[in-house]
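>>> return a 3D structure for these sequence lines:
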Amino acid sequence: MKEVISQIKAMKEKLNKWAKEYYVLDSPSVDDTEYDFVMNELKELERQYPELITEDSPTQKVGGTISEKFSKYKHEKPMLSLGDIFSWEEFLYFNKQVSKVTGTEDNEYFAELKIDGLSISLNYNNGKLVTAATRGDGVIGENVTTNVKTIKSIPNTIDFKGKVEVRGEIFLPKKEFKKINDQKMLDGEQLFANPRNAAAGTLRQLDSSIVAKRNLDSYLYYLIEDEKVIKSQEDSLKEISRLGLKINNESRLCKTLEDVKKYIDEYTIKREFLDYEIDGIVFKINDFDLHEKIGYTAKTPKWAIAYKFPAEVKETKLLDIFPTVGRTGKITYNAKLEPIKIAGTVVSAATLNNAEMIKAKELKIGATVKVKKAGDIIPEVISVIKNEEYDKLPVWSKNENCPNCESLLEKNDGEVDQFCVNFSCPAQILRSIEHFASKPAMDIVGMGGRTIEKLFEENIINTITDIYKLKDKKDQILTFDKFGQKTFDNLIESIENSKTRSLEKVLFGLGIRHIGSKAANILAKKFDDIYNLFSASYDELILIDGVGEKLSQSLVDWFEIEENKNLINELDDLGINLKYTGNKTSTDGSLFGLNFVITGTLNLSRDDYAKIIENNGGNVISSLSKKTNYLLVGENPGSKLDKANKLGVKIISTNELKEMLGEKYV
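Coordinates of the predicted model:
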């Protein structure tokens, strides 16, 4: 018993320390997996020895502790946390317990992605936001109203008389998280461990102007009214959306256990491709009348559970750090690891991004590191283990020269990445050829990575223009393994077809820095011909909507290089189309000068509808304003529908768009 008491005491101390780092200091020293592991061990010991459970045990707490920087706020209704499960078998057990009350095995659950952010409570009185508070310990939170009012997705006023409380999650999108950490690296500051801690650290800033710059976002999912008339979680989200608050449209009603399993399987894969971090899925009994019947524990509701994705973390040795060169010359550092099995596959390498990230994580070659698979897909080095062995290892230093051509690497002011600026660098040439031939660019079927590498190794292709001279190398190419006459003929046909691609495809394929497919489309439409773009000045470019300072300067710099001018002329001589062949913006009264926002689930993808609108002269923008002419809506349109009504924006269906365009609906 003494040993058990000692174990429990040690676990409590660890968990309390980690909780303070996580909730108060926004600087965790361990990842969620390790925290959950120790918490579950403590729960198991307390289950075996219930007489040892104390009120101050971390298992009895709802959330974290309260920061002293903000005034305290007492929640009228406690903000409870959720119980965690980590497998389908555990969900079936949870469902079995629920079924004892409901009397059916196929309970109706509402599934919501578990956003890795900071819980928030928004209190409105007669339509005005009066208080915004963090969860804190579930009873007492922090009053962060001033900071929350800077978040664009949270309205300061809503259409509601009386009092209403809406709860949800404040989070930081992945791209904003990267932007913040990049700046911290440049400033020599400690990095945020993950988007959740960055969101928490941002929301707790004493200077609200800093909060405003960091572009926090929100999803709301729980409504509390004085007179409750809403009967289900599904209806609750509809009402939240009607009030003009943002909901997550990835949520779904699961009517059967089969639906629940499909949802878990779907988002286990999809989560890596979302623009925000999730660490699980929340399942709630949809029918509110069942909530009171199923009941609560002191800490959690029994009618809801958080299915957490199991993130397997392992320790291994960092054998080497080596750089590679991308098509733009960007240097990416990679880790060579002592092979280790994680989430069912053997991992022997991982990306380390850039030198500043390696420096921030204090990695050393030969050190023991913690590795996990981000989203169970991409291996990631989380942290280094600092022990006696670590202290004896030499400090790692970044490459000063390109690993491929030995040119001196450069780093622009305000950026964290190094670049090889030698345009003749073999690695850059190879990657640029692969990019030019790819589907989003010139879409040359049959010119995949391995084929290009072979052609490059045999000195048949050295520039993108060499692609269009391949028919003269027939005899040499036919000697390649698995490269017969038919394969060669198909490749040449695809190359010839690529000559007719519209200008935006060529522009994107050239790999000019900062020019993605959308910017290429804007420029191609605006200038019609590459030679018109060639002669455009920085001052002309910067005035174009959707073309920023970096892109404008990048274009001007690229066209000033003599080799690039020669490249354009050679492409022209080879018969490659350098004009915009899409539907020209017209002034015939179709969609010229009209601004559209698209929302909801449509019969085609949003990208397809954006192309239809843009091909007929219209503009597709991401957010509603008084300058928006039309909101194109599908099913489950969300809060944009209400906002459009308030702004007086005309709302149309896909059929109405078709009527507007008639024969031009292509």
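>>> how close does T451 get to I460?
Distance of T451 to I460, computed by Cβ to Cβ, to the nearest Å: 10 Å. The way it works is simple: take the backbone N, C-alpha and C, and place the C-beta from them, glycine included.
>>> any regions of the stretch 251-400 of the chain where pLDDT drops low?
Within the stretch 251-400 of the chain, the stretches with pLDDT under 70 are 310-311, 343-344, 374-378.
>>> and stretch 321-336, what's buried?
Neighbour-count burial for stretch 321-336 flags I321, P323, V325, G326, R327, T328, G329, K330, I331, Y333, A335 (criterion: 16 or more other Cβ atoms under 10 Å).
>>> stretch 140-153 now?
So for stretch 140-153, counting by 16+ other Cβ under 10 Å, buried means I140, G141, E142, V144, T145, N147, V148, T150, I151.
>>> can I assume the fourth one is in contact with T134?
Yes - taking contacts as Cβ atoms under 8 Å, V144 lies within contact range of T134: 6.0 Å.
>>> quickly list what's touching both of those two.
I120, L203 (Cβ atoms under 8 Å, 6 or more residues apart in numbering).
>>> for the spatially most central residue of the chain, which residues are in contact?
Among the residues of the chain, the one closest to the centroid is D275, at 2.2 Å (Cα atoms, centre = their mean). Contacts for D275 (Cβ under 8 Å, 6+ apart) come out as P173, K174, K175.
>>> tell me the strands beside the host helix or strand of E169, with direction?
Using DSSP states H and E, E169 maps to strand 163-171. Strand 163-171 has the following strand partners under DSSP bridges: strand 118-125 (antiparallel), strand 217-225 (antiparallel).
>>> and the next helix or strand past the shortest one?
Elements were assigned by DSSP H and E; along the chain past strand 118-125, the next helix or strand is strand 128-134.
>>> which other residues reach the helix or strand harbouring L253?
Secondary-structure assignment from DSSP H and E places L253 in strand 252-254. Strand 252-254 has contacts (Cβ under 8 Å, 6+ apart) with E108, Y109, F110, A111, E234, D259, V260, K262, Y263, F283, N286.
>>> go again with 10 Å.
106-113, 232-234, 237, 259-264, 266-267, 281, 283, 286 (Cβ atoms under 10 Å, 6 or more residues apart in numbering).
>>> so which of the residues you listed are in strands?
Members of the contacts of strand 252-254 lying in strands (criterion: DSSP state E): Y109, F110, A111, E112, L113, I281, F283.
>>> closest one to D489 out of those residues, please.
The closest of these to D489 turns out to be L113 (Cβ to Cβ; 48.3 Å).
>>> which one of the strands paired with strand 163-171 is the most hemmed in?
strand 118-125 (a mean of 22; mean count of other Cβ atoms under 10 Å).
>>> and that strand, what's its mean pLDDT?
Strand 118-125 shows a mean pLDDT of 93.
>>> please name the residues that touch D116.
If a contact means Cβ under 10 Å, 6+ apart, then D116 has 32, 169, 171-172, 194-197, 199, 276-280 as its contacts.
>>> so what's it closest to, chain neighbours aside?
Closest residue to D116 apart from its sequence neighbours, by Cβ to Cβ, 6 or more residues apart in numbering: E277 at 4.1 Å.
>>> ok, G662 to S590 distance?
Relative to S590, G662 is positioned 9 Å away (Cβ to Cβ).
>>> actually N616, not the one I wrote
Distance from N616 to S590, by Cβ to Cβ: 5 Å.
>>> neighbour-wise, which of the two wins?
The neighbour count for N616 versus S590, taken as other Cβ atoms under 10 Å, is higher for N616 (22 against 18).
>>> ok, the more buried one touching L594?
Yes - here N616 reaches L594: they are 9.2 Å apart, a contact under Cβ atoms under 10 Å.
>>> shared neighbours of those two, anything?
Counting by Cβ under 10 Å, 6+ apart, the shared contacts of N616 and L594 are M660.
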